[in-house]
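1. only geometry, no sequence info:
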């Protein structure tokens, strides 16, 4: 009888512990440009709070659609402020969105093409494929399109454009050599260190609308205390130091 009671107590304790651990996991919708840095941020956040995050990576536009359709995300880290602001206006946010970082657009290749005059390089016969994220759903793709339009060469290179559904896909195209060049986030340079040699140049930030990356806590029926902790962490000096290391403005 004593052994049975002991077994029941141990089982009950295990179940309580399991529920507690499950409750400590946050589902965070993450813009594709954060695919690498979110792992570092998540590790640092867990060390500080004991709370684990589960990143779901995709384009900001697609993640927004999923949230509107009821996806069980606790928090959304977008690549712009437009999508979080829309979600908040439509009643999906538990708290007003906030800017956590500023993105930098670069042109990048595994080939030493020479980006001193990247506009001329794109028009040359040597460049046959140019990767750009879908500007409708990916803010970095929108920024690239704006810059190309300002330079007056968007229409001239359209036949060369290979569209990625997210910056993550564009990064794969660049690092595997599927395309000659691509427009992406500066974070790729940090991620590729020691793995792939990249040649790149930062695009003049005056040529595109500033990439203000925003976040929003998604309104859920459950308690969102842990989501608030991560929201506040993303605005902390610790998170900003990590983001800065990956090329983001803070």
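-> Now that the structure is in, tell me what you want to look at. These figures come from a predicted structure and were not determined experimentally.
2. nearest residue to residue 188 in space, please, no chain neighbours.
-> Nearest residue to residue 188, sequence neighbours excluded (Cβ to Cβ, 6 or more residues apart in numbering): residue 171, at 5.2 Å. For every residue, glycine as well, the C-beta is placed using N, CA and C.
3. wait, isn't the one you found in contact with residue 186?
-> No. Using Cβ atoms under 8 Å, residue 171 is not in contact with residue 186, being 11.5 Å away.
4. and the residue nearest to residue 188, what is it in contact with?
-> Neighbouring residues of residue 171 by Cβ atoms under 8 Å, 6 or more residues apart in numbering: 35, 182, 184, 188, 191.
5. what helix or strand does it sit in?
-> Assigned by DSSP states H and E, residue 171 falls within helix 167-175.
6. who's in contact with the closest residue in space to residue 170 that isn't next to it in sequence?
-> With Cβ to Cβ, 6+ apart as the criterion, residue 170 has its nearest non-adjacent residue at 3.8 Å, and that residue is residue 164. Each residue near residue 164 by Cβ under 8 Å, 6+ apart is listed here: 131-134, 138, 141, 170, 172-173, 182.
7. hmm, back to that, report the rounded mean pLDDT for the helix holding residue 171.
-> In this model, helix 167-175 has a mean pLDDT of 96.
8. buried residues, it. List them.
-> Residues of helix 167-175 classed as buried: 167-171, 173-175 (neighbour count, 16 or more other Cβ atoms under 10 Å).
9. again, but for stretch 115-123
-> Under the neighbour-count criterion of 16+ other Cβ under 10 Å, stretch 115-123 has 115, 118, 121-122 buried.
10. adding pLDDT, write those out as TSV.
-> TSV is the format used below for those (pLDDT from 0 to 100):
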residue	pLDDT
115	92
118	95
121	94
122	96
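11. out of those, flag the one nearest to residue 69.
-> Using Cβ to Cβ, residue 122 is the member of those that lies nearest residue 69, at 37.5 Å.
12. check which helix or strand the closest one maps to.
-> For residue 122, the host element (DSSP H and E) is helix 118-123.
13. which helices and strands sit right next to that helix?
-> helix 154-157 (3 or more Cβ pairs under 8 Å, 6 or more residues apart in numbering; DSSP states H and E).
14. quick one: strands adjacent to the following helix or strand past the helix it packs on?
-> Counting by DSSP H and E, the next helix or strand C-terminal to helix 154-157 is strand 161-164. Its sheet considered, strand 161-164 pairs with strand 130-133 (parallel) by DSSP bridges.
15. can you give me the neighbour number for residue 193?
-> By other Cβ atoms under 10 Å, the residues close to residue 193 number 9.
16. surely residue 91 is in a helix?
-> No. Counting by DSSP: H, G, I helix; E, B strand; the rest coil, residue 91 is not part of a helix but coil.
17. so it sits against residue 219, correct?
-> Yes. Using Cβ under 8 Å, residue 91 is in contact with residue 219, at 7.1 Å.
18. between those two, which has more neighbouring residues?
-> residue 219 (14 against 7).
19. what's near enough to touch the more buried one?
-> The contact partners of residue 219, by Cβ under 8 Å, 6+ apart, come to 91-94.
20. can you pull the contacts of residue 113?
-> Neighbour list for residue 113: 121, 126-127, 180-181, 199 [criterion: Cβ under 8 Å, 6+ apart].
21. ok, now residue 67?
-> 29, 73, 76, 87, 92, 218.
22. distance of the fifth one relative to residue 26?
-> Right, residue 92. To residue 26, residue 92 is 17 Å away according to Cβ to Cβ, to the nearest Å.
23. residue 36 versus residue 43, what's the distance?
-> 12 Å.
24. scratch that, residue 174
-> For residue 174, the distance to residue 36 - Cβ to Cβ - is 14 Å.
25. circling back: got the buried residues of helix 167-175 as a markdown table, with distance to residue 102 columns?
-> Compiled in a markdown table, those are given as follows (distance: Cβ to Cβ, whole Å):
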| residue | distance to residue 102 |
| --- | --- |
| 167 | 15 |
| 168 | 20 |
| 169 | 23 |
| 170 | 19 |
| 171 | 19 |
| 173 | 25 |
| 174 | 22 |
| 175 | 24 |
